[in-house]
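Undergrad: how would this look folded up:
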Amino acid sequence: MATYTIDPTSLRERPDDVGASWARVEELEELGERGDGERVAWLRILGALRAAEDLAWDDVVRHGGPGGMAALLASGPGGVPVSALRPLLRLAQVLHHAGRHVDAERVLEQVRTATVTHLHAPGADERLVRECSAVMAFADHGQGKVLFDAGRPAEAVSLFRAALDRRLRDGAPEDQVESSRLALAAATHALQTGTPAAAGPGFGVRRTASTGR
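TA: Alright, predicted model coming up:
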């Protein structure tokens with residue numbers, strides 16, 4: 001089985017077995033579009049960032065979203081459908097890992113704007129409200145990681161805490177809650193000491209690939 005471990009100092013996912021991870025990529029490719037979301041995540045984790053970005057944009061388009069950064073930024077509050085929000089979150093992660101922090105934050109801000117628009121649209125049902133809340137938690141967590149990498153731990157702490165509070169309130173899966181706890185602890189340590197957190201109990205949580213943590 002392909003798994004990864006979250007590094008407690010960088011908050012980056014590290015593959016536990018590179019060979020098994022590439023084998024999983026091949027399995028997902030055989031599934032076609034159904035496997036593309038997870039395949040983006042594994043390509044990113046494995047460092048194949050160009051391939052991950054191309055596939056991420058393709059996935060955004062397949063889910064009804066814009067086909068490039070210029071189109072995304074010009075799309076307006078209602079221009080991104082709910083179905084494209086999670087693909088955009090995965091894209092933001094790829095851009096972040098590529099060191100394109102400004103682009104990653106631009107994508108996340110578009111996700112936030114679209115999510116709020118859908119959340120307050122007439123007729124929003126309970127299922128939509130739950131999905132929008134989960135997306136907002138991913139956006140907070142993702143932007144927190146961008147700011148953590150940018151050496152802005154105070155802002156990262158605020159975002160990680162918001163993601164954790166939302167996930168606890170919503171009853172999110174335990175791996176998402178634990179990921180936010182880990183990130184909050186790392187950012188708090190960096191803020192208080194000016195140095196990254198050291199590995200220890202409760203860190204290095206082992207996971208399978210997901211849409212984002």
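Undergrad: going forward, measure contacts between C-alpha atoms and count neighbours the same way
TA: OK.
Undergrad: Show me where the protein has its helices.
TA: Chain-ordered helices for the chain, with DSSP state H as the definition, fall at 18-31, 36-45, 49-62, 69-73, 85-97, 101-119, 126-149, 153-170, 174-193.
Undergrad: So, low pLDDT: which residues of this structure?
TA: 196-213 (pLDDT under 70).
Undergrad: one more time with 80, if that's ok
TA: Within the chain, the ranges that satisfy pLDDT under 80 run 77, 195-213.
Undergrad: Settle this for me: residue 84 is touching residue 58, isn't it.
TA: No. With contact taken as CA atoms under 8 Å, residue 84 and residue 58 are classed as non-touching, separated by 10.8 Å.
Undergrad: Residue 9 contacts residue 187, correct?
TA: No. Applying CA under 8 Å, one finds residue 9 not in contact with residue 187, separated by 9.2 Å.
Undergrad: Who has more neighbours out of the two?
TA: The residue with the greater number of neighbours, taking residue 9 and residue 187 and applying other CA atoms under 10 Å, is residue 187; the counts read 34 against 18.
Undergrad: quick one: contacts for that one?
TA: Residues counted as contacts of residue 187 (CA atoms under 8 Å, 6 or more residues apart in numbering) are 148, 153-154, 156-157, 196.
Undergrad: Now do it against residue 148, distance only.
TA: Here the distance between residue 187 and residue 148 works out to 7 Å (CA to CA, to the nearest Å).
Undergrad: Save the helices of the chain as CSV, and put in distance to residue 5 too.
TA: Below are the helices of the chain laid out as CSV (distance: least, CA to CA, whole Å):
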stretch, distance to residue 5
helix 18-31, 12
helix 36-45, 10
helix 49-62, 19
helix 69-73, 31
helix 85-97, 16
helix 101-119, 23
helix 126-149, 16
helix 153-170, 19
helix 174-193, 11
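Undergrad: Single out the most deeply packed of these.
TA: helix 85-97 (a mean of 26; mean count of other CA atoms under 10 Å).
Undergrad: ok so, going back, next, show the common contact partners of residue 187 and residue 148.
TA: Common neighbours of residue 187 and residue 148 are listed as residue 156 (criterion: CA under 8 Å, 6+ apart).
Undergrad: who's in contact with stretch 125-141?
TA: Surrounding stretch 125-141, the residues in contact under the criterion CA under 8 Å, 6+ apart are 85-86, 89, 108, 111-112, 115-116, 118-119, 159-160, 162-164, 166-167, 170, 172, 180, 212-213.
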